[in-house]
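Engineer: my questions are about this predicted structure, shown below with the sequence.
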Amino acid sequence: MTRLTVIAGPTAVGKGTVVRYLLDKHPEILLSVSATTRQPRVGEIDGVHYYFVSNERFDQMIADNELLEYAVVHQTNRYGTPRKPVERALEAGQQMILEIDIQGAQQVKESMPDANLIFIAPPSLEELNKRLLGRGTESAEEIAIRLETAKVEMSSKSLFDHVVINDEVADCAQEVLDLMKT
């Protein structure tokens, strides 16, 4: 089976940007679709962006061991990675990426020890702060909280197989691609 690649890292490090870059350049790589209990946003399509499920269905997925990992996000909605699509893709020899949080990455490693865990790190905490400010989507208080969380998350990087610094998206994506081939 092809190894599963799990991408994680602190907020605003550019995980999504790196993954989108990889997928644009390498359409043969698949991105896992997560399940969530939140309502769809305008333009989101069930089964494409997320699998939108009820709380009851999510509970059943947990009980039936249908999720590789799951978590509660922002104390309201739950997100998780359905196991079967990942297993089917890997059995078919396809490369698959999961872009998830650090705790989820550790859960995946427990259930799939061969998974390749890649931690995307910022060049520095100062640069991470600049990126957060540049997004313009969070208040000063929210940025402070995210930076504190990022400091804690950065201490988890030793739990990953590889650490890649996202200084430049194309270079970071190439390094991730190279690590996917190992």
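Structural biologist: Right, received. Where do you want to start? Numbers count the residues shown, from 1 in each chain.
Engineer: show me the contacts for Leu128.
Structural biologist: Neighbour list for Leu128: 10, 12-13, 122, 147, 150 [criterion: CB atoms under 8 Å, 6 or more residues apart in numbering]. Yep, even glycine has a C-beta here, placed from its N, CA and C like the rest.
Engineer: can you put those residues in a markdown table and add neighbour count, distance to Val164 and pLDDT?
Structural biologist: As requested, the contacts of Leu128 are exported to a markdown table (neighbours: other CB atoms under 10 Å; distance: CB to CB, whole Å; pLDDT from 0 to 100):
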| residue | neighbour count | distance to Val164 | pLDDT |
| --- | --- | --- | --- |
| Pro10 | 24 | 13 | 90 |
| Ala12 | 23 | 16 | 83 |
| Val13 | 26 | 10 | 92 |
| Pro122 | 22 | 11 | 95 |
| Leu147 | 16 | 20 | 88 |
| Ala150 | 21 | 16 | 88 |
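Engineer: what's the burial count for Ser156?
Structural biologist: 16 (other CB atoms under 10 Å).
Engineer: let me know whether it touches Ile102 as I believe.
Structural biologist: Yes: the criterion here is CB atoms under 8 Å, and Ser156 meets it with Ile102 at 5.0 Å.
Engineer: which neighbours do the two have in common?
Structural biologist: Common contacts of Ser156 and Ile102 (CB under 8 Å, 6+ apart): Phe119.
Engineer: on that earlier part again, okay, and which of the contacts of Leu128 map to helices?
Structural biologist: 147, 150 (DSSP state H).
Engineer: same list, the contacts of Leu128, but as a markdown table with distance to Gly43 please.
Structural biologist: Formatted as a markdown table, the contacts of Leu128 follow (distance: CB to CB, whole Å):
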| residue | distance to Gly43 |
| --- | --- |
| Pro10 | 27 |
| Ala12 | 23 |
| Val13 | 25 |
| Pro122 | 29 |
| Leu147 | 30 |
| Ala150 | 29 |
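Engineer: biggest separation within the contacts of Leu128, which pair?
Structural biologist: Comparing all pairs in those by CB to CB, the longest separation belongs to Val13 and Leu147, at 11.8 Å.
Engineer: host element of Ile120?
Structural biologist: Here Ile120, judged by DSSP states H and E, is contained in strand 116-121.
Engineer: helices and strands around that strand, which ones?
Structural biologist: Contacting strand 116-121 under the criterion 3 or more CB pairs under 8 Å, 6 or more residues apart in numbering; DSSP states H and E are the following elements: strand 4-8, helix 102-111, strand 162-165, helix 169-180.
Engineer: so where's the chain shaky on pLDDT?
Structural biologist: 1-2, 74 (pLDDT under 70).
Engineer: about what we covered before: for the strand holding Ile120, C-alpha coordinates in PDB please.
Structural biologist: Provided in PDB are the C-alpha atoms of strand 116-121 (Å, rounded to 0.1, in the frame of the first residue of the first chain):
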ATOM      1  CA  ASN A 116       4.000   9.600   6.900                       C
ATOM      2  CA  LEU A 117       3.500  12.600   9.300                       C
ATOM      3  CA  ILE A 118       4.800  15.900   8.000                       C
ATOM      4  CA  PHE A 119       4.800  19.000  10.300                       C
ATOM      5  CA  ILE A 120       4.700  22.300   8.400                       C
ATOM      6  CA  ALA A 121       6.500  24.900  10.500                       C
END
